[in-house]
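K.L.:
model this:
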Amino acid sequence: MHAHWPPMDDETVEERVAARLQRQELLKTQTKSFNFLIEEHVLRRPIGSIDEQRRQLLHLLASGKPRHIAVQVVPDTGAHPGLNGPFVLLETPEHDRLAYEEGQSMGLLSSEPDKVNQLCQRHEMILRKALTPEASAEFISKLAEEL
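P.N.:
Below is the predicted model:
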């Protein structure tokens, strides 16, 4: 959040950090499943000290251990639809599907079936390129050791 431009005031930073921490609590709900696809270059990008980077990688490893959470690395092996930008796919308890896309200055939540379906197809294409959760854990662990 320190890289945000224009800079945010302390109160806004605190609110956003609190909101992120609150959202992380959802990961403890074992009756929900979560799948995270993370590009290799994101894991290699140096942000913070080497010790901070290592702690972040180890935290990511620990986050992917519960059986209801899958963390998968998408290797830097060429183009895929995820290069168009990040998105989140959600399903409500009523089985409605939603898609959320976030840009530089705004986010968009959509329930439009055509839009959600298109992003589901993109997700499947990216997933085909991703390492398995087990191979991803090995990859992340190796990155942490190399630091």
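K.L.:
Show me the residue sitting in the middle of the protein in space.
P.N.:
In the chain, the C-alpha nearest the mean C-alpha coordinate belongs to Phe36, at 5.0 Å (Cα atoms, centre = their mean).
K.L.:
Any buried residues in the strand or helix carrying that one, and which?
P.N.:
Element membership for Phe36, per DSSP states H and E: strand 34-39. Buried residues in strand 34-39, counted by 16 or more other Cβ atoms under 10 Å: Phe36, Leu37, Ile38, Glu39. All C-beta spots, glycine's among them, are computed from the backbone N, C-alpha and C.
K.L.:
How about the contacts made by the second one?
P.N.:
Right, Leu37. Gln72, Val73, Val74, Gly82, His123, Ile126, Leu127, Ala130 (Cβ atoms under 8 Å, 6 or more residues apart in numbering).
K.L.:
Specify the local secondary structure of the fifth one.
P.N.:
Okay, so that is His123. Classification of His123 by DSSP: H, G, I helix; E, B strand; the rest coil places it in helix.
K.L.:
The residue nearest to it when sequence neighbours are not counted is in what secondary structure piece?
P.N.:
Spatial nearest neighbour of His123, excluding adjacent residues (Cβ to Cβ, 6 or more residues apart in numbering): Leu89 at 5.9 Å. For Leu89, the enclosing helix or strand under DSSP H and E is strand 87-91.
K.L.:
Over to Leu143?
P.N.:
Element membership for Leu143, per DSSP H and E: helix 133-146.
K.L.:
Just the mean pLDDT for that helix, thanks.
P.N.:
Averaged over helix 133-146, pLDDT sits at 98.
K.L.:
Let me know the angle separating it from strand 34-39.
P.N.:
Helix 133-146 and strand 34-39 are oriented at 50 degrees to each other (axes from the mean of the first three to the mean of the last three Cα atoms, to 10 degrees).
K.L.:
Okay, buried residues for helix 133-146 please.
P.N.:
In helix 133-146, counting by 16+ other Cβ under 10 Å, buried: Pro133, Ser136, Ala137, Phe139, Ile140, Leu143, Ala144.
K.L.:
Also stretch 3-20?
P.N.:
Buried residues in stretch 3-20 (16+ other Cβ under 10 Å): none.
K.L.:
do the same with stretch 51-70
P.N.:
Gln53, Arg54, Leu57, Leu60, Leu61, Gly64, Ile69, Ala70.
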